[in-house]
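Q: just to be clear, the model below is a prediction. Sequence and coordinates:
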Amino acid sequence: MTENVRPLPSGPGADLPEHPKFLWRNPDPKPSYDVVIVGGGGHGLATAYYLAKNHGITNVAVLEKGWLAGGNMARNTTIIRSNYLWDESSGIYEHSLKLWEGLEEDLGYPILFSQRGVLNLAHSLQDVRDSVRRVNANRLNGIDAEWVDPAQVKELCPIVNISPDVRYPVLGATYQPRAGIAKHDYVAWGFARGANEYGIDLIQNCEVTGIDVVGGKVVGLQTTRGRIATGKVALAAAGHSSVLASMVGLSLPIQSHPLQALVSELLEPIHPTVVMSNAVHVYVSQAHKGELVMGAGIDSYNGYGQRGAFHIIERQMSAALELFPVFARAHLLRSWAGIVDTTPDASPIVGLTPIENLYLNCGWGTGGFKATPGVGWCFAHTVAHDQAHPYNAPFTLDRFTTGALVDEHGAAAVAH
Amino acid sequence: MTRVAAGGRIDRNTELAFTFDGKAYRGYAGDTLASALLANGVHQVATSICYGRPRGIMAAGVEDANALVQIETPFPEPMLTATTVELYDGLVARGLQGQGRLADLPDQARYDAMHEHCDVLVVGAGPSGLMSALTAARAGARVVLLDDQPELGGSLLASRNQLAEWVSAVTSELNSLATVRVLRRTTAFGYYDDGFVLALEKRTDHLGAAAPPAAARQRIWRIRARQVILATGAHERPVVFADNDRPGIMLAGAGRAYLNRYGVLGGNRVVVFTTNDSAYTAALDLADAGAAVTVVDARTEIPQHPAAECARRGVALKAGHVVTGTSGNGRVTGAHIAPYADGKAGARQGIGCDLLLVSGGWNPTVHLFSQARGKLRYDESLGAFVPGSSVKAVRVAGSAAGVFTLSGCLSGAADAAVAALQELGLSSAPPALPSLDAEPETTPGLVLWAVPDKGDESGPCRRFVDFQRDSTVADILRATGAGLTSVEHVKRYTTIGTAHDQGKTSGMIASGIMAEALSTDKHQVEVASLGTTTFRPPYASVAFAALAGRDRGEIFDPVRVTEIHPWHLEHGAVFENVGQWKRPRYYPQRSAAGSIEDIDTAVLRECRTTRESVGMMDGSTLGKINVQGSDAGEFLDRLYTNLMSTLKPGFIRYGAMCGMDGMIIDDGTVARVSDTEFVLTTTTGNAAMILDWMEEFAQTEWPELRVNLTSVTEQWVTIALVGPRSRDVLASVAAELDLSNEAFGFMTWRDASVAGIEARICRISFSGELAYELNVNAWDGLALWEALIEAGKPYGITPYGTETMHVLRAEKGYPIIGQDTDGTVTPQDLGMGWVVSKKKLDFIGKRSFSRAENQRPDRKQLVGLLPVDRTVLLDEGAQVLATADLSQLPVPMLGHVTSSYRSAALDGTFALALVRAGRERIGQRLHAWQDGELVSVTVTDPVLYDKEGARRDG
Amino acid sequence: MQLIRCPWCGSREEVEFHYGGQAHVSYPENPAELSDAEWARYVFFRANPRGPLAERWVHAAGCRRWFNAVRDTSTHELLAVYRIGEPQPEVAR
Ligand SMILES: Cc1cc2nc3c(=O)[nH]c(=O)nc-3n(C[C@H](O)[C@H](O)[C@H](O)COP(=O)(O)OP(=O)(O)OC[C@H]3O[C@@H](n4cnc5c(N)ncnc54)[C@H](O)[C@@H]3O)c2cc1C
Ligand SMILES: [Zn+2]
């Protein structure tokens, strides 16, 4: 075989990380667990991991109706940042960002976390006011944030078109240097592997079809793989949260919508950071291997079909080329959609429910990937102590009754 | 040269020059870049992404996974497959290693989109598609037939002129019919709901630099079809073996296409490795062209007819053998052959070759069917997924449906068309099928994903599954070994199927290998249950620019301008985008020396002139809604926080609207025209939203109310004439109107002739000054504006823009919804409790005011802030703090600065802010924090100018 | 991308329509009598089933009329459209 070209790693794809040799067992469900987490997305898996790691609770199963982390976790554009406006939000997102900073080491998994900075562009005078407000609030909350002018935008990301001649010129941006992206699958697998090592059962192709409540208390679950008794149930079903909650007659202020995203072919490095624009509606980064990853606008109607309408993608492309004319001949290779669980105030719902031992984590909508470690940490705490962690305490279901919303539409505006 | 002397569909009279990897070559019109390279003996085209291995051309169409090139001239375009690039004169391209390059110059090409509606859309113009289209066309249906190739014929183009006459007859018949649109070079790349198919037409790419610049380079077809027939054919599938990735190894059908269609013989010593009958045609065609051919058939039972044909030509035939590996340094120089039995390969033996053709069977092209939510069924004998359910108004014909005989394709395609026509209510007489030579009996194929390898998978021999990702059988085994049991997981772990070709040739094989890997003695894992990864749009890559189409630049979003816009332009206004509108922000003056005023100076001047004499503003962008009907008053009562039904005709009232949550969403004025008619204004940016909001209630909530809503924003031009001398200016052009306070009081309106123009004049003021708002027919707007400018000259009238408008209103403490509010602010928070009716039982949002959160005494409230140093301008967005101690983060924040200006009238800077329990803090000293700097401020009432309202009446 | 049948204009492209959320949620008779929780339910809570949903659309770039539809949220397929005031039709799933 000496005549072979030696396959020594050399090309632009060669520096991809090696996955661990082993990820997880595929056990059959046991008849009962102390805690069952419904939904094997990023949030469910992170919750499982921290239940074991922080609270020593390991008689736990994660039930996933499809393949592990195949929902929004597998479909998001992986933007991570913590520069949210309100104190309540910056609390949990910054907690999460701090965890991201040590996550690769903690999980022992190469998650390609890249703190390449995120720019949120401003295109109107009101955008500028809102941005400056948010930067000031962020810094007083201990979050790295800067207001940068168009020339600085250009320095940070030379391909952004800052010409005053475009329809909605770039008037500046907020910049969070510590923000960035990570590889969604690897994050999920890192948590899954970690949870598996603690002895937690990750059970796939197991759909929860009913929740057994006795005397106002959750006692077990009906699943496509049989009944499972459990002391506590933690719902982490993202787009399907309403469907699960309705099994116990609980209605949620949530609407599930398709949200689409897309990628290009692999390209030589041209885009060093992450750019988001709410007004022109673009968010784009260049992933590790070189593809442009771009998110589209949300589809207007409720939908569980994991597909969206094409005019949304076309609109997305117009917007992208407004800001990045150099993308003209990049090619769309693949588009897809997830199911995002939106709330009236664009903030999540994490905490207890009116039913004893039933805990709820949902409503992260278009922006919950960044929260994965943070919410896993806090939700695990909530389940373990039957009491919210201070970081998720403001995100109750009750706030819709009292009016204590955490309205992230108004000022922070950018949803991802 | 490997171009054969004659034959093929290329035009040998038109020679084209091109450059690849820096070397000059020549080809012919009708070539693809791939065929031209092969004709020039260039087999190595690209380099693999991870291992840097040389890679060649493996297919002749869109499914190629290997021959990635970068176009450099006429314009850089990243990552196309050489097999899909039509050759043109002056083409400069190079091979890629995994990543393409984007141009750093702007793309000047044009792109557009067309909408098309048809009765029957036929995707693919091979024999099946042609037959379907012909059947539908003859029945009188409106037909669209599209195909990604420059000429119709599909798989027949790769044959030795099989049915060539029929193809050209059908082509000319279809071309001649007005009801048929034939789109060549057009790829259907997405099936969305209800017969909506997206297709990309490459209109001028094949012309290179000669493309007419005015023509759209590419066009998106948005086709809405009542019936769809998918005749998308099938992609040949390779078999995986060691070192299967060398240049010179290609699919058998591709080898045949290069010969018959392009006149290129890919090699002289050819090994054809197959598991099915189809590759024999390639073997025989290449042998006839003069190649020495050896057929290696994994099956022990081989088809008789082709075997006899082989024998007749001296083609060696190794039944029950497989290719286990290859040799070569760059291009393939030899194949390793071994007997194959019971799933095991025996001792190997080498055969020299310079071309190795491979066929593992065919995968029906079911992408669009699957996108149409068609379910797929695994066909054991084909080793492939075929359409397995019916989808409304969608039919699959030909090999896309798993039919692999020509006669079967043709008759099936005619049937599909007849069925579609039936649903459309059209009767049809299917055209006669063309006569065919008898097709030899077929022998079942063997489903073989990968030839077993005794070698060490981690060693230098690699069995590649996905060439573009350099992913191998070993990678799949590693993934299943890690505990992965889902094709989606394995795809993501190995990256198989994620590259440019989206797994067209590798996806099926990966599922097959996975099934074998997961199967144990006790438990057999079926490919059928593993399935494939999802087929998602687009079927083939589409340039971003094509999707963006014409919706770029100016028409990315409509630009709205007022009737007076030309005047603003002429007078040097600096504009601001407010929603889609262009609004003058200020009007800098040019000094005699030519220097231009800066914004601060201009705004101070505009403010001063207006407060001291008179100014005017184009307010036409304000939303204006006409509300008519006997229940109009009741309707407005339900929407506004205050009472509107009690307003008398001739009078005007300020009003605010809240959302259901009690948060203020808009404000404006409401003028009562008559008992049954009101005209209300909205903020510029909210006009459409508010009309929709009102319309929704009128139609869905209270359909019993007799009320009609009409936007009149564009119909009226609105000019604000503002300042103590505004009355004088108006009097000089509206002689008949009594402008005295007694006759024309504040918050009333009159119709009058102004400078000979019929106007509706409202006495309202957003500045605290005596002011008139003149509304005229849009077409009179510019004339009125000019007349007022003229009439104002004696008073030094100034036009002013949004910035001055903002300063003037802020001095009076008037909030701007959207600037001083953010969706979390109630009228009470703004200090506007007076606008919230106590009398009305209910109005939208009222119930929310009594929620716990609304009752808190420490809600954020609108206040004024005066910097202690009145030369310091606060940043809008500065945070307000009670403490100057920043040592502990986070620092509690009380609120933020919403508006901040320099004021001529107040002789210094001032600001508005939302501050926790703000009204209680009036008089207190707080701190504004902006970009690291602390500024001491005093909290004041938001009204800082003319608190008594003395100036309102002039 | 759906083809939506406006009950007034006929079938038109999805881009001409705006979505209006769950249908048949009427404004409470007397909001003042509702508890905070009941009021919150009206303001913020809407059905979100996986399956048929009666919902509202408006033909925004057409006749500007609101109408109701039953749509299967799992397939996005429109099962029925009907005018405001008409009863919700029974639909086969
Ligand atoms: C296109 C797109 C782009 C996005 N971009 C970003 C971004 O850039 N940054 C960011 O921070 N966020 C982003 N998000 C949002 C983010 O993906 C989600 O907020 C987050 O992933 C939700 O948490 P999760 O990972 O647990 O959800 P999921 O991965 O959706 O997990 C929920 C799981 O529950 C399972 N499940 C549901 N019902 C049942 C049942 N009955 N029984 C068992 N299992 C069930 C589902 O199958 C699913 O696997 C994006 C989302 C999308 C769709
Ligand atoms: Zn209509």
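A: Received the coordinates, thanks. Ligands and ions are numbered 1, 2, ... in the order given.
Q: in which helix or strand would I find C:H24?
A: Assigned by DSSP states H and E, C:H24 belongs to no helix or strand.
Q: per-residue confidence at it?
A: Listed pLDDT for C:H24 reads 95.
Q: that one contacts C:E86, doesn't it?
A: No. With contact defined as Cβ atoms under 8 Å, C:H24 does not count as touching C:E86 (11.1 Å). For the C-beta atoms, the positions are set from N, CA and C on the backbone; glycine is no exception.
Q: need the residues touching each of these two.
A: Common neighbours of C:H24 and C:E86, using Cβ atoms under 8 Å, 6 or more residues apart in numbering or on different chains, are C:N68.
Q: B:A884 contacts B:V937, correct?
A: No. Using Cβ under 8 Å, B:A884 is not in contact with B:V937; the gap is 11.6 Å.
Q: out of those two, which sits in the more crowded spot?
A: Ranked by neighbour count (other Cβ atoms under 10 Å in any protein chain shown), B:A884 and B:V937 place B:V937 first, with 28 against 12.
Q: tell me which helix or strand the more buried one sits in.
A: strand B:933-940.
Q: by contact count, what packs against that strand?
A: strand B:860-867, strand B:925-930 (3 or more Cβ pairs under 8 Å, 6 or more residues apart in numbering or on different chains; DSSP states H and E).
Q: those strands: which one's closest to ligand 2?
A: Closest to ligand 2 of the helices and strands packed on strand B:933-940 is strand B:860-867 (Cβ to the ion; 42.2 Å).
Q: look at A:K53 and give its secondary structure.
A: When classified by DSSP: H, G, I helix; E, B strand; the rest coil, A:K53 comes out as helix.
Q: which helices and strands does the strand or helix carrying A:G190 pack with?
A: In this structure, A:G190 is located in helix A:184-197 according to DSSP H and E. Contacts defined by 3+ Cβ pairs under 8 Å, 6+ apart place helix A:184-197 against helix A:42-55, helix A:87-107, strand A:201-203, helix A:372-385.
Q: ligand 1 is nearest to which of these?
A: helix A:42-55 (3.3 Å; Cβ to the nearest ligand atom).
Q: tilt between that closest one and helix A:372-385?
A: On the basis of axes from the mean of the first three to the mean of the last three Cα atoms, to 10 degrees, helix A:42-55 is oriented at 60 degrees to helix A:372-385.
Q: helix A:42-55 and ligand 1 in contact?
A: Yes. Helix A:42-55 reaches ligand 1 (Cβ under 6 Å from any ligand atom) through A:42-44.
Q: what comes up buried for that helix?
A: Residues A:42-53 are the ones in helix A:42-55 that count as buried (16 or more other Cβ atoms under 10 Å in any protein chain shown).
Q: now it against helix A:87-107, angle please.
A: Put simply, helix A:42-55 runs at 70 degrees to helix A:87-107, going by the same axes, to 10 degrees.
Q: just checking, what packs against helix A:42-55?
A: When contacts are defined as 3+ Cβ pairs under 8 Å, 6+ apart, helix A:42-55 packs onto strand A:32-38, strand A:60-63, helix A:184-197, helix A:372-385.
Q: which bits of the stretch 101-250 of chain A sit near chain B?
A: Within the stretch 101-250 of chain A, the positions near chain B by Cβ under 8 Å from any Cβ of the partner chain are A:123-126, A:128-137, A:139-142, A:147, A:166-168, A:185, A:204.
Q: quick one: end-to-end length of stretch B:622-632, please.
A: 21 Å (Cα to Cα, to the nearest Å).
Q: that one vs chain C: in contact?
A: No. Judged by Cβ under 8 Å from any Cβ, stretch B:622-632 makes no contact with chain C; its nearest approach is 13.1 Å.
Q: just to revisit the earlier point, which of the residues of the stretch 101-250 of chain A next to chain B count as buried?
A: Neighbour-count burial (16+ other Cβ under 10 Å) applied to these gives A:123-126, A:128-137, A:139-141, A:147, A:166-168, A:185, A:204.
Q: could you dump the helices and strands packed on helix A:184-197 to a markdown table with distance to A:H288 and mean pLDDT?
A: Output for the helices and strands packed on helix A:184-197, formatted as a markdown table (distance: least, Cβ to Cβ, whole Å; pLDDT from 0 to 100):
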| stretch | distance to A:H288 | mean pLDDT |
| --- | --- | --- |
| helix A:42-55 | 18 | 98 |
| helix A:87-107 | 13 | 98 |
| strand A:201-203 | 26 | 98 |
| helix A:372-385 | 18 | 98 |
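Q: ok, and which of those has the densest surroundings?
A: Most buried of those by mean neighbour count (mean count of other Cβ atoms under 10 Å in any protein chain shown) is helix A:42-55; its value is a mean of 27.
Q: mind listing residues that contact the lengthiest helix in chain B?
A: Longest helix of chain B, by residue count under DSSP state H: helix B:406-424. Helix B:406-424 is contacted by residues B:119-120, B:122, B:126-136, B:139, B:141, B:162-163, B:226-227, B:229, B:231, B:393, B:395-399, B:401, B:403, B:427-428, B:430-431, B:433-434, B:436, B:439 when judged by Cβ under 8 Å, 6+ apart.
Q: about what we covered before: in CSV, list the helices and strands packed on strand B:933-940 along with distance to B:H489.
A: Output for the helices and strands packed on strand B:933-940, formatted as CSV (distance: least, Cβ to Cβ, whole Å):
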stretch, distance to B:H489
strand B:860-867, 49
strand B:925-930, 49
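Q: got JSON lines for those, with mean pLDDT, mean neighbour count and distance to chain A too?
A: Converted to JSON lines, the helices and strands packed on strand B:933-940 look like this (pLDDT from 0 to 100; neighbours: other Cβ atoms under 10 Å in any protein chain shown; distance: least, Cβ to the nearest Cβ, whole Å):
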{"stretch": "strand B:860-867", "mean pLDDT": "98", "mean neighbour count": "23", "distance to chain A": "12"}
{"stretch": "strand B:925-930", "mean pLDDT": "97", "mean neighbour count": "22", "distance to chain A": "6"}
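Q: would a markdown table of the ones you listed with distance to chain C be doable?
A: Converted to a markdown table, the helices and strands packed on strand B:933-940 look like this (distance: least, Cβ to the nearest Cβ, whole Å):
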| stretch | distance to chain C |
| --- | --- |
| strand B:860-867 | 21 |
| strand B:925-930 | 33 |
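Q: what residues are up against B:K947?
A: B:K947 neighbours (Cβ under 8 Å, 6+ apart): B:D941.
Q: and the gap between it and B:G56?
A: Relative to B:G56, B:K947 is positioned 84 Å away (Cβ to Cβ, to the nearest Å).
Q: residue ranges of each domain in chain B, please.
A: B:1-105, B:107-235+B:362-435+B:541-556, B:238-360, B:464-525, B:565-620+B:716-800, B:623-711, B:809-830+B:857-940 (automatic domain parsing).
Q: which of those domains sits closest to A:P325?
A: The minimum distance between A:P325 and the domains of chain B falls on domain B:107-235+B:362-435+B:541-556, with 7.3 Å, by Cβ to Cβ.
Q: in ChimeraX, select just the buried ones from the contacts of helix B:406-424.
A: Buried residues among the contacts of helix B:406-424 (16+ other Cβ under 10 Å), as a ChimeraX selection:
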select /B:119,120,122,126,127,128,129,130,131,132,133,134,135,136,139,141,162,163,226,227,229,231,393,395,396,397,398,399,401,403,428,430,431,434
